[in-house]
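Q: quick one: sequence plus predicted model below, questions after.
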Amino acid sequence: MFELMDGFLKNDPLSLQKDILNHVEYTVARSRFSFDDFEAYQALSHCIRDRLIERWHDTQLHFKRKDPKRVYFLSLEYLMGRSLSNSIINLGIRDQCADALSQLGFEFEVVAEQEGDAALGNGGLARLSACQMDSLATMDFPAWGYGLRYQYGLFRQVILDGFQHEQPDYWLNFGNPWEIERVHVTYPVKFYGTVEEEILNEEKYQVWIPGEMIEAVAYDNPIPGYGTRNTITLRLWAAKPSNQHDMEAYNTGDYIDAVVNRQRAETISSILYPDDRSHQGKELRLKQQYFFVSASLQDIIRRFKDVHKDLSQFPDKVALQLNDTHPALAIPEVMRVLVDEEHLGWNKAFDITCKIFSFTTHTVQAEALEKIPVDLLGSLLPRHLQIIYDINSYFMEELKKRIGLDYNRLSRMSIVEEGAVKSIRVANLSLFCSHTVNGVSKLHSELLQTRVFKDFYELWPEKFQYKTNGVTQRRWIVVSNPNLCALISKWLGTESWIRDIDLLMGLREYATDISLHQEWQMVRRVNKMRLAEYIEATSGLKVSLDAMFDVQIKRIHEYKRQLLNILGIIHRYDCIKNMAKDDRRKVVPRVCIIGGKAAPGYEMAKKIIKLCHAVAEKINNDSDVGDLLKLVFIPDYNVSVAELVIPGADLSQHISTAGHEASGTGSMKFLMNGCLLLATADGSTVEIIEEIGEDNMFLFGAKVHEVPTLREKGSTIKVPLQFARVVRMVRDGYFGFQDYFKSLCDRVEGNNDYYLLGSDFESYLGAQAAADKAFTDKEKWTRMSILSTAGSGRFSSDRTIQDYAEKTWGIEPCRCPL
Ligand code: 26V
């Protein structure tokens, strides 16, 4: 690996060793003669943190000197996972650290595994933010990430008797060496109160008199780039009570209440909301959103004003990226600051606002779009509600000029939704006030233009772009699959692909080379061994390495169709049971692996988890079937579990009903690691097909344009007999829990089969059979596997970020000199 010249701290194994021992003694406060793996992790992390801080200071100073246009990435969620290995690899000192540890009697991998995940997000959107931060740093872009420092991250999933239970993830229990508390970087954030009119120099102004004030404190998380000194900042805000607020209470003598109130303030940043529709319209969630937005904008404007006086230059220096609608209150907040505080005038302020915001949407379901009840907004943020109304009046006037008095359309497009609960449509606000709206794959973008935001697209087609998602090869190959990483570098004769992903294509040339095949198979087998050990440790189940490891790991959701997978497994089991002994020899043995969390209030998803366990119980204890079929549910799926599972997978499933997965990024990680995909033509898979060809994967299922007709046909569709049979097995209690699974079965039969499991079943089984057949031909399988990795370059987040920088943000790299 490359090594960069460093600053004050040295990176040779001996210096690292000394620094580790110093941190053992003075930071961890343990004896340098006796410390355990966890303490070694803590000490090493502090060594790395010191090195990150050096680079980070240099980078920030460099940005300050150059004063380039910056991008601010606003996201309520980041799924960072572990930081130690990633930082060490990006710093280019993996071998030196391993040496230093080994001389102290520790093993690098064991030490790295001591770290818990930072899980400040739910799933796809949040992991995407983390991958994009890595690319922004690596590609030297002047970028800042902003988010919330939740005390409790995504819940831990515990399985008891096959049922999911949620437990709090108090991830800060043992301290967090990757953050730097900035006690002096604090901003007041205001809530509630009233709006009054004030006259200044004969002009009328609205003044917000807040009813509550809470302080936001910055916690900085340095994000190092790979092969560069650039280290950028992810700044997360924590809530603490404002002293000003307390003073009043102390003065009135209510000391006890004042202290209790302090704790109440902290609840704003205490918990991450699970991605669950039932949480829409909750006051605490709205408070979180505004708290985050207000603190971030105060920080951004302060940084701008340090150098520039005139806010009309704001768009030349600042790009604000809205990661979904969650941070969209930034729009009325910027307006409020420009109009009420800077007195710029409404038109000028609105012009600036529309030039700085861009918006990316991560969903396809119109009904999943965020809405804020007007009553709630009006009480929490009275001035923002007024501003949104003003924006909407202006919007409606503009619209009438374009479309006349088409009231149906006007009411569909309005930012304000009338109805039983009058609400703000946050996506409409974001669309109208952003210069660009991005989809996350080509197909997603088409659906946005033709369905979800059709009305908007027809009027402002120039606003619509798409940036197909990507994942970072640093984490998803270099960190998680070191053996494959070494193999790729050996065959390409360079490590440059780690920064320049297009080079991966060079592997195509060797796709039939028999010695690459042997080495490739060896690497894959070692990874399978590691995964098999993990399965045994977590579930007690021994699995055969000769079996095909077939994996589906992602959030549990009906549209992602884990149920289709399970019904397919039941079918496989049923076939084996009904087969003559002789025929069984032809069966390709499988280990089916499923993992993922269900939102706590999502009943159907929880039933799917239980069904998976019930089926596993039956199959795994059937000695008649033995190694021919096993089913494992991996509990508490998270980023670090993914790092272990993905490199060991032969086949992975991405089988959402066409038109439902905006992009999907798991598939890209599997692809990079040479795992074959069994998939529907949904989300980014459509582009994966373009890149690696249909022949290199197992495709099935209805296409997007066929879905509406199939739905219309409903119960008149002919569903294959096998499907009816497996559903009946569940219904009849073959796996127990007959009553509990009834609603799940009802959900996939007749007119209720919204996600089209029945009509896709036959073609699903066909794809599975094709996968079995290919697996028996080792050479073919290995070639397909190599071609998958070779074709994964387009799905690097480096490419996504490059596109954003050029086509959406208008920013350029700003590389810190060595
Ligand atoms: C919604 C809500 C609703 C209220 C409570 C908290 C909460 C948190 C998240 C969400 C929306 C999540 C949207 C999401 O993760 N979408 C996924 O984004 C991926 C990255 O673009 C994409 O690959 C997936 O297809 C898409 O489902």
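A: Noted; the coordinates are in hand.

Q: pull the helix or strand with minimum mean pLDDT from this protein.
A: helix 243-251 (a mean of 61; mean pLDDT, DSSP states H and E).

Q: any idea which helix or strand comes after that one?
A: helix 255-266 (DSSP states H and E).

Q: name the helices or strands packed onto that following helix?
A: Judged by 3 or more CB pairs under 8 Å, 6 or more residues apart in numbering; DSSP states H and E, the packing partners of helix 255-266 are strand 231-241, helix 243-251. No exception for glycine: its C-beta is placed from N, CA and C like everyone else's.

Q: next one: it to chain centre, how far?
A: 34 Å (CA atoms, centre = their mean, to the nearest Å).

Q: so which bits of the very next helix or strand once past it are buried?
A: Going down the chain from helix 255-266, the next helix or strand is helix 283-307, by DSSP H and E. Neighbour-count burial for helix 283-307 flags 285-301, 303-304 (criterion: 16 or more other CB atoms under 10 Å).

Q: other SSEs contacting helix 283-307?
A: strand 70-74, strand 143-148, strand 180-191, strand 212-224, strand 231-241, strand 318-323, helix 330-336, helix 374-380.

Q: I'd guessed Asp19 sits against Cys47; true?
A: Yes - using CB atoms under 8 Å, Asp19 makes contact with Cys47 at a distance of 4.5 Å.

Q: what about the two, which has more around it?
A: Each of Asp19 and Cys47 has its neighbours counted (other CB atoms under 10 Å); Cys47 has more, 26 against 21.

Q: the strand or helix carrying the more buried one: how far from the chain's middle?
A: Element membership of Cys47, judged by DSSP H and E, is helix 37-66. Chain-centre distance of helix 37-66: 24 Å, with CA atoms, centre = their mean.

Q: what of stretch 570-590?
A: Put simply, stretch 570-590 sits 38 Å off its chain's centre (CA atoms, centre = their mean).

Q: ends of that stretch, how far apart?
A: 13 Å (CA to CA, to the nearest Å).

Q: stretch 550-568 too?
A: So stretch 550-568: terminal residues 12 Å apart, CA to CA.

Q: so is that stretch next to the ligand?
A: No - counting by CB under 6 Å from any ligand atom, the ligand has no neighbours in stretch 550-568; the shortest distance is 7.9 Å.

Q: which of the residues in that stretch are buried?
A: 550-558, 560-568.

Q: and the residue of the stretch 401-550 of the chain nearest the ligand?
A: Across the stretch 401-550 of the chain, the shortest distance to the ligand (CB to the nearest ligand atom) belongs to Val440, at 4.0 Å.

Q: please apply the same query to the chain.
A: Gly124 (2.8 Å).

Q: could you verify my assumption that that residue touches Asp324?
A: No - Gly124 is beyond contact range of Asp324, at 10.6 Å (criterion: CB under 8 Å).

Q: which residues are in contact with each of the two?
A: Here Gly124 and Asp324 share the contacting residues His362, scored by CB atoms under 8 Å, 6 or more residues apart in numbering.

Q: so which bits of this protein are right by the ligand?
A: Going by CB under 6 Å from any ligand atom, the residues of the chain near the ligand are 122-125, 128, 273, 275-276, 279-280, 362-363, 440, 469, 661-665, 683.

Q: partners of Ile634 in the sheet?
A: Beta bridges link Ile634 to Gly595 when assigned by DSSP bridges.

Q: correct me, but it touches Thr538?
A: Yes - counting by CB under 8 Å, Ile634 touches Thr538, with 6.7 Å between them.

Q: quick one, which of the two is more surrounded?
A: A count of neighbours by other CB under 10 Å puts Ile634 above the other of Ile634 and Thr538, at 22 against 15.

Q: so which of the helices and strands packed on helix 283-307 gets nearest Leu628?
A: Taking CB to CB, strand 318-323 is the member of these nearest to Leu628, at 44.8 Å.

Q: same question for the closest one, mean pLDDT?
A: For strand 318-323, mean pLDDT rounds to 98.

Q: try stretch 762-780
A: On average, stretch 762-780 scores 98.

Q: for that stretch, the distance to its chain's centre please.
A: With CA atoms, centre = their mean, you get 31 Å for stretch 762-780.

Q: in that stretch, what counts as buried?
A: Those would be Glu762, Tyr764, Leu765, Ala767, Gln768, Ala771, Asp772, Ala774, Phe775, for stretch 762-780 by 16+ other CB under 10 Å.

Q: what do you get for stretch 740-750?
A: Here stretch 740-750 shows Phe741, Leu744, Cys745, Arg747, Val748, Glu749 as buried, counting by 16+ other CB under 10 Å.

Q: Serialize those residues to CSV and add fields for distance to Phe35.
A: Converted to CSV, the buried residues of stretch 740-750 look like this (distance: CB to CB, whole Å):
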residue, distance to Phe35
Phe741, 50
Leu744, 50
Cys745, 55
Arg747, 53
Val748, 54
Glu749, 59
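
Q: which of those fall in helices?
A: Applying DSSP state H to the buried residues of stretch 740-750, the entries found in helices are Phe741, Leu744, Cys745.

Q: for the last one, what are its contacts?
A: When you say that, I think you mean Cys745. Contacts of Cys745 (CB under 8 Å, 6+ apart): Val727, Val730, Arg731.

Q: tell me the SS of Val158?
A: strand (DSSP: H, G, I helix; E, B strand; the rest coil).

Q: so it bridges to which residues?
A: Going by DSSP bridges, Val158 forms beta bridges with His165.

Q: surely it and Asp636 touch.
A: Yes - counting by CB under 8 Å, Val158 touches Asp636, with 7.3 Å between them.

Q: ok, and what's touching stretch 679-686?
A: With CB under 8 Å, 6+ apart as the criterion, stretch 679-686 contacts 440-444, 468-469, 653-665, 667-668, 677, 688-689, 697-704, 760, 795.
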